Each structure stands twice: as structure tokens, then as C-alpha cells.
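Novice: Mind looking at a prediction? Sequence and model below.
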Amino acid sequence: MSIYVGNLSYEVTQDTLSAVFAEYGTVRRVQLPTDRETGQLRGFGFVEMGTEAEEAAAIEALDGAEWMGRDLKVNKAKPREDRGSSGGNRGGYGGGSRNRY
């Protein structure tokens, strides 16, 4: 399971975020998603800790804490929703020769 960390400064790095969470246990992985178009950080990230107890301690301590001038939002990450394909048919009236003006 991962921890979601929201409202991050755009100046954060994987190393700085890892250092904050390392105070509560072993940090296995840090992910900082970036915008596909600009490459800029998106203002949130995910941290994977060594154990559930370490995750719980980090969430308890850091949720609402001020860091780098921002109040962090820290909680258990929810599983990613399967967006799937949106499908081709959206109920429109396409293609037919009817209804031409």
C-alpha cells in the first residue's frame, strides 16, 4: 500500500520527500508524477513505506503538517481507478445519410 501526499510544493524532490518520511521508518519508494506536456511536478506524490505501522505513523504525524510553506494532505492512497476505454459510441447520431439539411 502507498501513502498519498498532496499539496506539495513544486520545489520538492524525491530526496527531500524521502528524508521527511524516513523519520517514520523505511522508505521503499517515492513517486512524484509530472505533467506530460510541461514536465512540471503535479503537486502530489506517493510514498511507499516498509510496513503498515510505519505508514500509519507517517500519516498520523504528517497529515496537516506544514512543510515547505504548505499544509500537507497525507492519507492512504486509494487504488487507481480503471479508466478503461471510453468506447466509441457516445449516443450521437453519426454517419447516416438521414437528417442532412
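Specialist: It's in. Numbering: from 1, shown residues only.

Novice: how close does the nearest residue to Phe44 once chain neighbours are set aside get to Thr26?
Specialist: Spatial nearest neighbour of Phe44, excluding adjacent residues (Cβ to Cβ, 6 or more residues apart in numbering): Gly6 at 4.5 Å. C-beta here means a position set from N, CA and C on the backbone, and glycine is covered the same way. Distance, Gly6 to Thr26, by Cβ to Cβ, to the nearest Å: 22 Å.

Novice: Please apply the same query to Ala56.
Specialist: Taken as Cβ to Cβ, the span from Ala56 to Thr26 is 14 Å.

Novice: So for the two, which residue has more residues nearby?
Specialist: Ala56 (15 against 11; other Cβ atoms under 10 Å).

Novice: follow-up on the earlier one: what number of residues lie near the residue nearest to Phe44?
Specialist: 15.

Novice: Repeat that for Thr51.
Specialist: Applying other Cβ under 10 Å, we find 11 residues neighbouring Thr51.
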